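Chemist: Here's a sequence, model it:
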Amino acid sequence: MARIGIPRTLGYFLYYPFCNEFFKSLGHEVVTSPATTKSILDEGMMEAVSEACIPVKVFHGHVKSLIGQVDYIFAPRLVSLRRFGDFGTETFCPKFLGLPDMLKASIKNLPDVIDTRIDLKRGWRELARVGMEIGRILGASKSRALRALARAWRTQARFQRLLLKGLLPEEAMGMVFGTGSACREVPQRQPDFYVAVVGYPYLLYDSFLNVGLLELLRRENVGVYTQDMLPWRELKAAARGLPKHLFWFFSNRTLEGALHFMRDRRVDGIIHVTAFACGPDAMVDRLMEMEIKKSGNKPFMSVMVDEHTGEAGIRTRVEAFVDMLRYRRSKNED
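Modeler: Purely as a prediction, here's the structure:
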């Protein structure tokens, strides 16, 4: 039995249930890194190239925290996760594509890295190929790898259904794996407002990187929606008015989510969480701002985070945003 290390960042927040079930079904132990902390970020900043964005730096820190605890690090080379014909030419940013090479070049005493290429725009048979390749690395037969894939797919489907019901990823994971501690308590009162918070999942759901943004909104009695609570068909439908899609998977999901929530009457305002030094996200933020100005019916705020972001600044801006929503509602009621 091998110990497989999965960093608690980047794709973790959307695809951990699949990966966890797959490796456990092959008979291996899964070890996840701890939640992001300042020490993990500091370690990542020392290991990663200086021009990297904060998510890439944090990924290095999470990998570093797993050294000595695992036999393998799972860091696949993510190329695409959606079929070519449905969404045009779409891939992940170059830093994602090069992550396995960056790890090997910068981190000493690194365990073996499972860096299998994942390119699902070729069709779902590609997923079978990926599963069998990883199974071969870990000494599993093709048939066992395929059975593990089937179990992982069912687990991921259950996780996705919970997201569609409005749970955040780690709450949904708590229900899928029966931990319970990750599940939020049922709110005692109806939220005063609903705000859509859009952005890359490794920024939205990492409370260290966004300095507790979602928790702060809940303390203000604000209900939260994210793009990951929407089915893909609604995301695709929301983007039909755009002349073309972007090139990047998470960028498209973020923009599609914002476009959907602009038209959603349940949503009172939109917040975009973006990372400093992320080239694709700079374009997404500008496109989002222009589209919201065209519609003219929803307050919008962009929150940029980096390694120097402080809680006080975010708290002040969020509280001002919520106060503005209250003012707009009272004005409309007069």
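Chemist: Could you pull out the strands in the protein for me?
Modeler: 3-6, 29-32, 72-74, 77-80, 112-114, 117-119, 193-199, 222-225, 269-275, 300-305 (DSSP state E).
Chemist: what about the nearest residue to Ile118 once chain neighbours are set aside, neighbour count?
Modeler: Excluding its sequence neighbours, the residue lying closest to Ile118 (C-beta to C-beta, 6 or more residues apart in numbering) is Pro76, at 5.0 Å. Yep, even glycine has a C-beta here, placed from its N, CA and C like the rest. Other residues near Pro76 come to 19 when the count uses other C-beta atoms under 10 Å.
Chemist: Test my guess that Ile270 contacts Ile292.
Modeler: Yes - using C-beta atoms under 8 Å, Ile270 is in contact with Ile292, at 6.7 Å.
Chemist: The nearest residue to Val211 once chain neighbours are set aside - how many residues pack around it?
Modeler: Counting by C-beta to C-beta, 6+ apart, Glu311 is the residue found nearest to Val211 once chain neighbours are left out, at 4.3 Å. Look at Glu311: counted by other C-beta under 10 Å, it has 12 neighbours.
Chemist: follow-up on the earlier one: who's in contact with the residue nearest to Ile118?
Modeler: Pro100, Ile114, Asp115, Thr116, Arg117, Ile118, Val130 (C-beta atoms under 8 Å, 6 or more residues apart in numbering).
Chemist: ok, 10 Å please
Modeler: 11, 15, 19, 96, 99-100, 113-118, 130, 134 (C-beta atoms under 10 Å, 6 or more residues apart in numbering).
Chemist: Look up the residues that both of Ile270 and Ile292 are in contact with.
Modeler: With C-beta under 10 Å, 6+ apart, Ile270 and Ile292 have common neighbours Ala258, Phe261, Met262, Lys298, Pro299, Phe300.
Chemist: from those residues, which has minimum pLDDT?
Modeler: Lowest pLDDT of those: Lys298, 87.
Chemist: count of residues packed around it?
Modeler: 17.
Chemist: My understanding was that it contacts Arg266; is that so?
Modeler: No - with contacts counted by C-beta atoms under 10 Å, Lys298 stays clear of Arg266, the gap being 11.3 Å.
Chemist: Overlap of the contact sets of the two?
Modeler: Ala196.
Chemist: before we move on, back to that, of Ile270 and Ile292, who's got more company?
Modeler: Counted by other C-beta under 10 Å, Ile270 and Ile292 do not tie: Ile270 has more neighbours, with 22 against 19.
Chemist: any idea how far Phe261 is from the more buried one?
Modeler: 6 Å (C-beta to C-beta, to the nearest Å).
Chemist: Name the residues contacting each of these two.
Modeler: By C-beta under 10 Å, 6+ apart, the residues touching both Ile270 and Phe261 are Val195, Ala196, Val197, Val198, Tyr225, Ile292, Lys298.
Chemist: Where does pLDDT dip in the protein?
Modeler: The chain contains residues with pLDDT under 70 at 83-89, 180-188, 333-334.
Chemist: Residue nearest the middle of it, spatially speaking?
Modeler: By C-alpha atoms, centre = their mean, the chain has its centre lying nearest to Pro201, at 2.0 Å.
Chemist: which residues touch that residue?
Modeler: 9-15, 55, 169, 226-228, 250, 253-254.
Chemist: which of the residues you listed lies closest to Phe276?
Modeler: Pro55 (10.7 Å; C-beta to C-beta).
Chemist: what's near enough to touch the closest one?
Modeler: Counting by C-beta under 10 Å, 6+ apart, the residues that Pro55 touches are 9-10, 44, 93, 95-96, 200-203, 206, 209, 250, 275, 277-278, 281, 305.
Chemist: of these, buried ones?
Modeler: Neighbour-count burial (16 or more other C-beta atoms under 10 Å) is assigned, among these, to 9-10, 44, 93, 95-96, 200-203, 206, 209, 250, 275, 278, 281, 305.
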